[in-house]
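>>> sequence plus the predicted model coming up.
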Amino acid sequence: MAGPHAPAGRVHKRNTISDQQKRRELALKRQTESRRDSQQHARRLAASALSLSSSSAEEPAEFNFRQEEKVHVLPEQPLDELTITAVNDHVDEDLPPQAKEEEEEEEAASTVPNWKRLDGAGFQEATKLKGARARQWFARQLMLPEWMLDIPPRLNREWYVLPRPAGKRCLVVSSNGTTVSRLRNGRILHYFPSALPNGARTKNVAGTGHTFCILDCIFHEADQSYYVIDMICWRGYSLYDCSAEFRFFWLNSKLAETGACDPPSTYHRYQFHVVPIYDCDRAGLQDAYNGPLPYIRDGLLFYNRHAHYELGLTPLCLVWKDENCSQYFLDTDSNGIVPTQQHVVLELQEDGTVGTIDDPPVILANMPRQFLQQNEKHLKPGSLLRFAVGDQGLRIIDGKPIVADVHFQGAATRGRAFADSCSKILFQYAARHSPLIFEDLLSAVQSDDEEKDTIMEG
């Protein structure tokens, strides 16, 4: 919620609800200590994007759970709600089509269990994957921002801010004379010709299989355009281990040279646009928040200038929203309605606990063993399950929710690729109780400016 304007002299610091700043410092330290073979990573990704098959779209799964007396489920009825006691993480051919798809997804999840498997030798295996396994692999090729829980220090000196377009996040790869976009869950969105390097079969195209491009985009339905938020690889040159500052420089200087930003034509079906990138000072923050845009705004993205393009969650890229800059400030249900209680999606672990997408996952609850055994056909490790946060809410210790009053609601939709992150759960919880408002961000950059002026005067 935007809330009222902060009074003059308001201190923008809030009660600490996360260890996000500590993790930002560790992430920057890791970048300086280790580098992976991103050039080979990008080459294999481009080769795989066009060779791996994808099955058609699937409908959300519907589970008919068996009766469990202890959780008060009526006989012969689907499970509506299960109250779970939270735990401290420390203390074949005969199958119907939908059943085959479920089995395929389960097998895929066990084949590609985490983000780390995708580095190094994992790419050799990926080129042979098809169907669900291919989708699982591509679902793990995007950098995912954490939700902003606290304001980073030196926000106006070390961060960029981007107005995030509303739409479908996707990975766009051009190679071998065609272009393909894949959604966050790994499914193919479009096959199309484009003006990107080696993105269409035209007579005047020069290049080999090594000439490829990988972009991180959002497809904006209203104008049928791709808005580029990051550049991962350009003409075969890997940018994974380059700073955001350098990637954004190349994005702004290289994309327009190809004609990708031109209106659609025979060999260029969709127009590409670069999302405006601002220095995170007071003027840039204001422009990103409420300046005029050719697309619908869905919150703000913050990039640390030194951040590499890391697969999976990173605290060096943050997302922030309020009701004024996003239609979906609070999560909505399938009908677009904000539920009375906060809903979260968690992943069932091998030991029967449920946790977040984080590595390691933050465990929020224990599923009753008897209930899991009676529904083992559907409730297997890796299953994504929906929960509602009850009236007792979350108890946060050392930046993580250790005790959670959560109530089981059912299975998540088949369109979901991952569980919620810990930062998303905490952001959504804070948004309902004590939100981080825009005036806090403005106050932070103003304080940074004053501190900078004091240092210069000294």
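Received it, and whenever you're ready, just let me know what you need. Numbers count the residues shown, from 1 in each chain.
>>> partner strands of the strand or helix carrying Asp230 and their direction?
In this structure, Asp230 sits in strand 225-234 according to DSSP states H and E. Sheet pairing for strand 225-234, assigned by DSSP bridges, gives strand 213-220 (antiparallel), strand 237-238 (antiparallel), strand 271-274 (parallel).
>>> out of those, which comes closest to Thr353?
strand 213-220 (32.2 Å; C-beta to C-beta). Placement of C-beta: from N, CA and C, glycine included.
>>> just how off-centre is the closest one within its chain?
Strand 213-220 sits 13 Å away from the centroid of its parent chain (C-alpha atoms, centre = their mean, to the nearest Å).
>>> contact partners of that strand?
42, 45-46, 142-143, 164-175, 181, 189-190, 196-199, 225-235, 272, 275, 295-296, 309 (C-beta atoms under 8 Å, 6 or more residues apart in numbering).
>>> if you set the cut-off to 7 Å instead, what comes out?
42, 45-46, 142, 165-174, 181, 189, 196-197, 199, 226-235, 295 (C-beta atoms under 7 Å, 6 or more residues apart in numbering).
>>> same question, stretch 339-353
With C-beta under 7 Å, 6+ apart, stretch 339-353 has contacts from 87, 331, 333, 354-356, 361, 363-367, 369, 372, 379, 381-390, 409, 412, 416, 419-420, 425, 428-429, 432.
>>> buried sites along that stretch?
Neighbour counts over stretch 339-353 (16 or more other C-beta atoms under 10 Å) mark Gln341, Gln342, His343, Val344, Val345, Leu346, Glu347, Leu348, Gln349, Gly352, Thr353 as buried.
>>> measure it end to end?
25 Å (C-alpha to C-alpha, to the nearest Å).
>>> my read: Gly355 touches Leu364, true?
Yes: Gly355 is within contact range of Leu364, at 6.3 Å (criterion: C-beta atoms under 7 Å).
>>> so for the two, which sits in the more crowded spot?
Leu364 (29 against 19; other C-beta atoms under 10 Å).
>>> for the more buried one, what are its contacts?
Ala86, Leu346, Val354, Gly355, Pro401, Ala404, Val406.
>>> farthest pair in those?
Val354 and Pro401 (12.3 Å).
>>> neighbour count: the two, which is higher?
Val354 (27 against 24).
>>> if I pick the residue nearest the centre of the chain, what's in contact with it?
The centroid of the chain falls nearest to Leu144 when counting by C-alpha atoms, centre = their mean (3.8 Å). Contacts for Leu144 (C-beta under 7 Å, 6+ apart) come out as Gly312, Leu313.
>>> now it, what's its secondary structure?
Three-state assignment for Leu144 (DSSP: H, G, I helix; E, B strand; the rest coil): strand.
>>> before we move on, what about Thr314?
Quick answer, by three-state DSSP: Thr314 is strand.
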